[in-house]
Each structure stands twice: as structure tokens, then as C-alpha cells.
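Asker: Kindly return the folded structure for what I paste below:
(one chain, ligands or ions: 1)
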Amino acid sequence: MRYFAQYRAGLGELVIDSLRRDLAGVQVISSDDSSLLFDSRSDRAKVGGLGYLKNAFTVLGSVPRSTPQKAAERFAEQVQTTPMLRGQGRVTSFRTMVSVDGKLVGLPRPAKLRLESAIGKATGARVNARGGAGAEYWVIGRRDLSSMLFCQRLTSGVKQGAAGSLGADLATLLVKASEPAPDDVFLDPFAGSGAIVSARMASAYRRLIYSDLAAGEPQVQILPELRRGKRVTLLTEDALELPSVPTGSVSAIVTDPPWGEYDELDVDLSTFARQMMQSFDRVLDPERGRLVLLVSRRVADVTARLWKTAGLELAQSHELLVNGHPASAQVGARSRRTGDRR
Ligand SMILES: C[S@@+](CC[C@H](N)C(=O)[O-])C[C@H]1O[C@@H](n2cnc3c(N)ncnc32)[C@H](O)[C@@H]1O
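Answerer: Modelled structure (predicted):
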């Protein structure tokens, strides 16, 4: 089945990596900085349930790129003359939307009515312009696509995080890059709001450890689900020391350390990075420890050089944008394990 997905600009590499892990037989047809056209054998429910996509759609039809009005008219014709809307499950109400290059655009009224009437006849459903629980049929155009797509929407969008915290989509992608296992002891030592720990709660774990030196201070509001979570330990410790985390006890660290741009560090950035990696080396399991580190692109070279001395192998560096800022997600594991994994 063909799908179209939209995600936050700059997350493409991580999204494609995660789709390959989460879905069967993924083949990328085309992609740009914030969207992707792909085929997969996985069903709609599976694709619609992926929390890191802003929007996901099944592609029902396509026509050569044209104005939205012309495309809508041609889709209306296809809906009437082909079985493209069969097998949709029960649809009682629907609305139509048009998006060109990520922006919603209006259709001239006659074209909109024609499309709605064709969909209504084919599905027996009524138009509900306000949306709600009904189906959504979208006409989608993108600069980098030579065709316009007629799609049904599968998702209702990702939750945005609190100010200063990572969005739930990026937190989920970083967690997935750590290849979660049910017996993981998972640590985020610079946890802030706890968005990464919260994302890790979505799949089985042995223990989750949240730690942030400023936990409890006004600028760090811990997500409520962490306080309610089972087997979640909340710490207020210096990530460079982590005194209550035993040596070798952590199977995965996924973290977003201070970027050294706006945050005041007590030491210079390279000393901070060296002490941080020494601390991670101490707490990570010597055999199966994994690390995912989100750093500003500016310091990515500094941290990349430190993996080896911390007994870790940097397997992949994904370049991405975090709220418009160039960043790198560095992904790897204990040196002797990396060879087995990939
Ligand atoms: C970039 S923010 C992390 C944001 C987090 N990913 C989120 O979604 O909210 C870095 C965090 O590291 C914390 N921090 C800074 N220095 C620290 C240290 N030495 N030990 C532990 N936490 C520290 C800050 O309080 C801040 O919350």
C-alpha cells in the first residue's frame, strides 16, 4: 500500500530509519525535508499509530501536477468511475482538505462541491466541514512531486512538547534509535521535562531513570506521567557524577545535554563533554550499553571524538533540525556490540 507522511522539517533521516524498523517492506518513493511518499506492506492502522508523524495518509489516487482545482475535478471523476473508495471501512461523515507545499489552501466552491458530491455518492457518507470523528480526504501537492495525490488521512497529529522540551515526535524517534529492549534500564541524565523518558514508557522496560540537576526548579516542569509511572526513578543529580547510579547498571542512555549556546556551563564545552562521556562510560553496561546523544551541530565533532575513549562506537550520525537549529543525533553502542548489531 502507498502512504504519504508529513513530519517536522529536518527529521527525515530519523523518520525513515524508524519507519524501516516499525513497518514491513518500506520502499521510499520520494522525500523532501518534511514529507515522504513510500510503499509498505503494513496496514493503515499500524501506519496511523506511529506517534512521530505529524500526518499520515493512505494514497488513494494520483494525477499529474496541476492546479488544486483541476486536480480536485479529476479526483472527483476518478472517485465516481473507479473503485478507489471501496474497502474504506464504515465512513458516516467526511470532509475534504487541500494542501499545497504544507499549506492549507481553499478550493473554488464548484470544484469543492463536485469532489464532495462524488465522495458522498461513493461512500454514502455526509459532509461534515468541521471534521470531528469523520474521514478526511485530502488533495495534496508538493514542490518535489510531479503528481498531485488524493489521500485519506490516518493520524490526528503529534503532541507538541512544553516550551524548551523536545516534541513527542523527536523524543520518540531518538528512543527508537536506541533499539529499546524489554529488560532495559533506561536513563536520561539531562531529562528536563522528561519528554524522552515519557517516550520510552511506550514500550516495555525494566526501570526508567529520570535525572536533571534542576528538577523541581521553576524552569523544569516534570511531565506528570513520570510521577505516576511504574518503576520510574526521579533523581536530581549532576549528570557528570550520577552518584546513585551504580557502575555498569544502565543498558541505554538517550539524552539531550545542554547545548552550551544558551545554557551556562560551569566549565568549557569540551571539558563538559569529556566529563559527560566519562560518566556515561561508568554507568553504561560494559557489554550491551547503548547511547543516543542529541547535540548541536556545532559541538558534534567534539562529542564524536569522545565516543572511542568512552569505550563506545559511534555507528550513525543523523543531521537534523531542532526548532530550526542544526543538530546531530549520534547513535551507537559498546564497541564490541556494534559489529553484531548492524
Ligand atoms: C537541553 S535541556 C534537555 C531538555 C529535555 N530533553 C526536555 O525535553 O525537556 C538540558 C537539561 O540539562 C539540565 N542540566 C544542565 N546541566 C546539568 C548537569 N550537569 N547535570 C544534570 N542536568 C543538567 C538542564 O537543567 C536542562 O533541563
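Asker: count of residues packed around the closest residue to the ligand within the chain?
Answerer: Going by Cβ to the nearest ligand atom, the ligand is nearest to Gly192 of the chain, at 2.5 Å. Placement of C-beta: from N, CA and C, glycine included. Neighbour count of Gly192, defined by other Cβ atoms under 10 Å: 25.
Asker: So it, which state does it fall into?
Answerer: coil (DSSP: H, G, I helix; E, B strand; the rest coil).
Asker: same deal with Thr247?
Answerer: From three-state DSSP, the assignment for Thr247 is coil.
Asker: That one reaches Arg282, doesn't it?
Answerer: Yes. Look at Thr247 against Arg282 with Cβ atoms under 8 Å: they come within range, at 5.4 Å.
Asker: between the two, who's got more neighbours?
Answerer: Legend: neighbour count by other Cβ under 10 Å for Thr247 and Arg282, higher for Arg282 (16 against 12).
Asker: ok, residues contacting stretch 11-19?
Answerer: Stretch 11-19 has contacts (Cβ atoms under 8 Å, 6 or more residues apart in numbering) with 5, 7, 26, 28, 31-34, 36, 38, 40, 50, 52-53, 169-170, 172-174, 176-177, 318-321, 329.
Asker: Can I get that stretch in PDB? Just the C-alpha atoms.
Answerer: Coordinates of each C-alpha in stretch 11-19 appear next as PDB, following Å, rounded to 0.1, in the frame of the first residue of the first chain:
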ATOM      1  CA  LEU A  11      13.700  14.900  10.900                       C
ATOM      2  CA  GLY A  12      13.700  13.000   7.600                       C
ATOM      3  CA  GLU A  13      16.700  10.700   8.300                       C
ATOM      4  CA  LEU A  14      15.500   9.600  11.700                       C
ATOM      5  CA  VAL A  15      11.900   9.200  10.400                       C
ATOM      6  CA  ILE A  16      13.000   6.900   7.500                       C
ATOM      7  CA  ASP A  17      15.200   4.900   9.900                       C
ATOM      8  CA  SER A  18      12.300   4.400  12.300                       C
ATOM      9  CA  LEU A  19       9.800   3.500   9.500                       C
END
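Asker: mind checking how far Leu149 is from Lys54?
Answerer: 16 Å (Cβ to Cβ, to the nearest Å).
Asker: That should have said Thr123, apologies.
Answerer: 26 Å.
Asker: How about Val232?
Answerer: Taken as Cβ to Cβ, the span from Val232 to Lys54 is 28 Å.
Asker: Over to Val322?
Answerer: For Val322 relative to Lys54 (Cβ to Cβ), the value is 15 Å.
Asker: can you map out the strands along the stretch 151-300 of the chain?
Answerer: 185-188, 207-211, 232-235, 252-255, 290-296 (DSSP state E, counting those that start in this stretch).
Asker: what lines up beside the first one in the sheet?
Answerer: So the one you mean is strand 185-188. With DSSP bridges as the test, strand 185-188 is paired with strand 207-211 (parallel), strand 252-255 (parallel).
Asker: How about the last one?
Answerer: When sheet partners are counted by DSSP bridges, strand 290-296 sits next to strand 252-255 (parallel), strand 325-334 (antiparallel).
Asker: what's the closest of those strands to Thr96?
Answerer: Closest to Thr96 of the strands paired with strand 290-296 is strand 325-334 (Cβ to Cβ; 36.0 Å).
Asker: buried stuff in that closest one?
Answerer: 327-334 (16 or more other Cβ atoms under 10 Å).
Asker: what about this structure, any weak spots by pLDDT?
Answerer: 87-89, 131-132, 156-164, 261-264, 336-342 (pLDDT under 70).
Asker: now Tyr137, nearest residue through space, not along the chain?
Answerer: Closest residue to Tyr137 apart from its sequence neighbours, by Cβ to Cβ, 6 or more residues apart in numbering: Thr96 at 5.1 Å.
Asker: so how far is the helix or strand in which the one you found is found off the chain centroid?
Answerer: Element membership for Thr96 (DSSP states H and E) is strand 93-100. Centroid displacement of strand 93-100 relative to its chain, using Cα atoms, centre = their mean, to the nearest Å, is 24 Å.
Asker: who does that strand pair up with?
Answerer: Sheet pairing for strand 93-100, using DSSP bridges, gives strand 103-104 (antiparallel), strand 126-127 (parallel), strand 135-141 (parallel).
Asker: domains of this protein?
Answerer: For the chain, the structural domains run 2-153, 168-341, going by automatic domain parsing.
Asker: residues from the stretch 151-300 of the chain in reach of the ligand?
Answerer: 165-166, 189-190, 192-193, 195-196, 212-214, 220, 238-240, 256, 258 (Cβ under 6 Å from any ligand atom).
Asker: Which of those residues are buried? Put it as a PyMOL command.
Answerer: Remark: buried members of those, expressed as a PyMOL selection using 16+ other Cβ under 10 Å:
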select buried, resi 165+166+189+190+192+193+195+196+212+213+220+239+240+256+258
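Asker: Please flag which of the residues of the stretch 151-300 of the chain next to the ligand sit within helices.
Answerer: Those of those mapping onto helices are 195-196, per DSSP state H.
Asker: Break down the stretch 51-200 of the chain into its helices, ranges please.
Answerer: Remark: helices assigned in the stretch 51-200 of the chain by DSSP state H, counting those that start in this stretch are 68-81, 109-123, 168-177, 195-200.
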